Each structure stands twice: as structure tokens, then as C-alpha cells.
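Asker: Could you look at this predicted model? Sequence included:
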Amino acid sequence: MSGSPPPPGGFVRRVGLFQATAINMSQMCGIGPFVTIPLMVTAFGGPQAVIGFVAGAVLALCDGLVWAELGASMPGSGGSYVYLRQAFRYRTGRLMPFLFVWTAMLFIPLIMSTGVVGFVQYLGYLAPGLGRTAGDLIGLGVIALVVLLLWRGIEHIARITAVMWAVMIASVLLVIVAAATHFSPHMAFTYSAGAFNVMSHHYWLGFAAGLTIGIYDYLGYNTTAYMGAEIKDPGRTLPRSILLSILGIMAIYLLLQIGTLGVVDWHRMTDPHDIAATSVASAVLEETWGKGAADTVTVLILVTAFASVFAGLLGGSRVPYDAARDRVFFRPYAKLHPRHQFPVLGLATMGVITAVGFLIGRHTDLATLIQLLTTVMVIVQALAQIIALTVLRRRRPELPRPYRMWLYPLPSVVAFAGWCVIYGYADRNSPGRRPIEWSLAWLALGCVAFLVWARRERVWPFGPKETGEEVGAGRNALEVS
């Protein structure tokens, strides 16, 4: 039964639908749209940039349906780790779940680090004289505070997240309402010649870049899938929280993007020296309601950025726990806090990597960080997980499925194609940075780490091949065949 309690000493199911949706939406929205609207406009070269958010929404919805079915069927802590383990153990043993955890330990903190970069970027609107060193120290302090707040029980965290979700909604709605009061259709819907020329090579390069930025802004719709062992009635709550959060954020993003373009000249967003390029939401409030209102909403945006990092590390820190507990990752990650029952080492490690990623983003640029985290996650999580859904439907037809993907396999095909576009154009959109090469290097290093670990654990390929079936809610025991 999907709502059955976890084993003694494990997580407690205390997160309901509202809190689950709030966790997803806090992670999805965060600082993302406030810092990527100028990037999106630059990629498309005009107000047609709204296409990027629409494309990102379509990809998020299709991929979200994959998460919904898998999460409802196997609601354990760890998310993709659980799904990949069940799908690929027959041929490659524990390799795929190990590689997922290996890559997740990098790309999840990198996503969080972009939120901290955005936090410091918007803080610069309130403190124009903020230097690089001071900004670095403030960002590192924010990360330390997030880890400190997460160092407690899940019931307290759920309440904190609900409050920050309300602040996030308020900040976004204020920007949308302010834009609506001074909205200019001429600015928002006047396009340059050739803006929609689909026969142009430059159009598709811009589309690929925009799709990458768009899906980055929607990332987080799967946060509660990482917390499956802590969700009430996960067979119903997980799919609903994923779909509701995507639809809600899609509506918010479209209103935010169009409203912003109707107030601020898009040419300003492409000028790195203009405030609209670094703090576009603050520029909207300054143009409409004045500097005082802009300062107030900027503070709310800072809270929103903090909330996204908070929610992301909350879910992400659970990823290595279940893997280590089932001997598919390094064993120290299986330790829970003796009093508050949260994964100690997973949270600490991701906090450190978030800090490193933040410093990288501060001393390069945000686009580089987005390209790197996206390419790292595509192969082992996005593409492999879509394949896992099909594999499990064929190999495990008896697996309980409280939710089944609508119009299967069409959403899987669309999601697979979308992720391939993002990955294939990564180097083209980031000349000189080589994110594909970096992602492949990290994957290769993970394979080496797996071989070292597998030899110590005496498992495939240094031991007998393994098979097994689920024995609990989201936790699978491996039995040597």
C-alpha cells in the first residue's frame, strides 16, 4: 500500500498535498524567473522570448508525467535512485542508481548555487556599492543559514516552507500586478522582422538556448519525489503535487514574462550595465510604483530566493540516504540524525558543494552554471529515467501504479526529444565552456568510483548479478540470484 508507514527508525509521513505542492513551487520559482528573463530575451533577441517559457512548460509537463507515474509506484526517499535501481538492475546491477546519486550530488547543489547567485545579484539593487568580496561572503553566509535551518525535524521544516511559499507567491504577484497597472501592449507584442523565421538557423539556436533556460526555471517540480518516504498517501499526493505545481508556475511565469516586457524595454535587458539586466523585477517596480515599492519587493524576492535554496537542499539531501541504506552508495550517507531523523552527511555534503558552485557562478557567469548543471543531469537522470519507465512497464507489469501516465508513450517521447535538444546544443550555446565534455568527464569519473566501490562491496561486476522485488514503500531489497 502506497500509504504504508516506513520501517522503524526511518522517515515519518507528515507532508500533505498543500505542503508538498508548496515545496515544489518554492523550489521551482525561487529566484529563477527574476534572473533568467533577461537571459531569455537575449537568447531570442526580442519579446518573442515568451516562447522559451512555453517550451519549458511543455517539457516540464511531459517529464512531470514520467515522475508522477514512477513516484506514485515507488514512493521512497531518493527519487530517481529508486526508479533507476528497479529498472536497470537486471543488466547492470547497481551501476545506474550509483551513477544517478553520483551526478545528483553535483547537479542538485549547482541548481541551489544559482539561487544564491541570484540572491546576491538582487541584493546589489539594495546595496549598489556591494563589492565582489562582500557579495561572496554574504552568499556563503546564506548557504550556512539554510543548512542550519534544515538541521531539524521535517514537521518544523514543513511549516517553515509553507510560510516561505506564501512570501514567494506575494513577491511574484506584486510584480505581476505592478506590471499590469502600466502595461504597454505595444512594447510586449512588437516583434522585429524575422522574429519567427523558423527557417533560420539562428532561430533554432535561440530556441535551444531558451528551452534550456526555460526548463531550468521549471526544475523543482520533482522535489517531493525525492521525499516520497515523507509524503502522506504518496500514490495520490505525489502526482497531484507535481502536476499542480507545474500548472501553477506556468501561469505565473507567463504573466510575469509578458508583464515585464510590457513595462521595461527589452533592449535594456540585454545591456549588462543596465539594472534591468541584473534586477529586472526591481526595474519593473521602479518604473511603475517608484523606488520605495521596488525596494520592498526586492526584499521579498530575496526571501523567495532563500526559500528555493531551502526547499532544494531539503529534497536533495534525501537522495543519497536511501541509496546508502540499501548499499548502493557510500555507507556513511545512510546515517540519520539521532533526534531529528534527517540525513546528516547528505545535507552537509550538498551544502559544501552549493558553496563551491556559488563561487564558480560568481566568478564566471550564471549562464555557464546553468549549462553545466543541465548537461550533468540529462544523461543519467532525465533520459535514463524516461527509458526506465518503459522498462518497468514491460518487466514489472504487476507493480502497483496508483497513477498511470496520460497518453502513454507520447509524453515520454516529447520529453526525451526535448532533453536531447538541450544536451545536443549545449556546446553550441556555450562556446569555449564545453559543458558536454565536463558532464562526460564527471560521468566517467563516476564509473571509476563505481568500480572501486563495487570491488569493495563485492557486487556486480565483481560479484553475482542481482535481482529483487520491492519489500516496502519505496525501499527495495536486493536478493542475490
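Answerer: That came through, no problem.
Asker: how far does the helix or strand hosting Leu255 sit from the chain's center?
Answerer: Element membership for Leu255 (DSSP states H and E) is helix 234-261. Put simply, helix 234-261 sits 13 Å off its chain's centre (C-alpha atoms, centre = their mean, to the nearest Å).
Asker: And stretch 218-233, by the same measure?
Answerer: 11 Å.
Asker: follow-up on the earlier one: now the helix holding Leu255: average pLDDT?
Answerer: For helix 234-261, mean pLDDT is 91.
Asker: Who are the packing partners of the helix or strand following that helix?
Answerer: Moving toward the C-terminus from helix 234-261, the next helix or strand (DSSP H and E) is helix 266-269. The contact analysis (3 or more C-beta pairs under 8 Å, 6 or more residues apart in numbering; DSSP states H and E) places helix 266-269 against helix 32-44, helix 275-278. Bear in mind the C-beta positions are built from the backbone N, C-alpha and C, glycine included.
Asker: Nearest approach to Pro128 belongs to which of those helices?
Answerer: Minimum separation from Pro128 across the helices and strands packed on helix 266-269 (C-beta to C-beta) falls at helix 275-278, 9.0 Å.
Asker: and the closest one, C-alpha only, in CSV?
Answerer: Extracted in CSV, the C-alpha atoms of helix 275-278 (Å, rounded to 0.1, in the frame of the first residue of the first chain):
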residue,chain,number,x,y,z
ILE,A,275,19.7,47.5,-13.8
ALA,A,276,17.1,45.7,-16.0
ALA,A,277,19.7,43.1,-16.9
THR,A,278,20.5,42.2,-13.3
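Asker: Now find how far off-centre the helix or strand just after it is within its chain.
Answerer: Downstream of helix 275-278, the first helix or strand assigned by DSSP H and E is helix 280-288. On the basis of C-alpha atoms, centre = their mean, helix 280-288 is displaced by 27 Å from the centre of the chain it belongs to.
Asker: One more: stretch 308-327?
Answerer: How far stretch 308-327 lies from its chain's middle: 13 Å, per C-alpha atoms, centre = their mean.
Asker: now the end-to-end length of it.
Answerer: 30 Å (C-alpha to C-alpha, to the nearest Å).
Asker: Can you list the low-confidence ranges for the stretch 301-450 of the chain?
Answerer: Along the stretch 301-450 of the chain, the parts satisfying pLDDT under 70 run over 337, 340-341, 427-433.
Asker: could the helices and strands packed on helix 266-269 go into JSON lines alongside distance to Met25, mean pLDDT and mean neighbour count?
Answerer: Output for the helices and strands packed on helix 266-269, formatted as JSON lines (distance: least, C-beta to C-beta, whole Å; pLDDT from 0 to 100; neighbours: other C-beta atoms under 10 Å):
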{"stretch": "helix 32-44", "distance to Met25": "11", "mean pLDDT": "88", "mean neighbour count": "26"}
{"stretch": "helix 275-278", "distance to Met25": "24", "mean pLDDT": "84", "mean neighbour count": "20"}
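Asker: Nearest to Ile213, out of the ones you listed?
Answerer: Nearest of the helices and strands packed on helix 266-269 (C-beta to C-beta): helix 32-44, 5.1 Å.
Asker: packing partners for whichever helix or strand Asp322 is part of?
Answerer: Using DSSP H and E, Asp322 maps to helix 319-325. Under the contact criterion of 3+ C-beta pairs under 8 Å, 6+ apart, helix 319-325 touches helix 80-92, helix 95-126, helix 344-363.
Asker: which residues touch it?
Answerer: With contact meaning C-beta atoms under 8 Å, 6 or more residues apart in numbering, helix 319-325 is reached by 76-82, 85, 97-98, 101, 104-105, 108, 226, 229, 329-334, 336, 343, 345-346, 349, 474-475.
Asker: mind running it again at 7 Å?
Answerer: Here helix 319-325 makes contact (C-beta atoms under 7 Å, 6 or more residues apart in numbering) with 76-79, 81-82, 97, 101, 104-105, 108, 226, 329-331, 333-334, 343, 346, 475.
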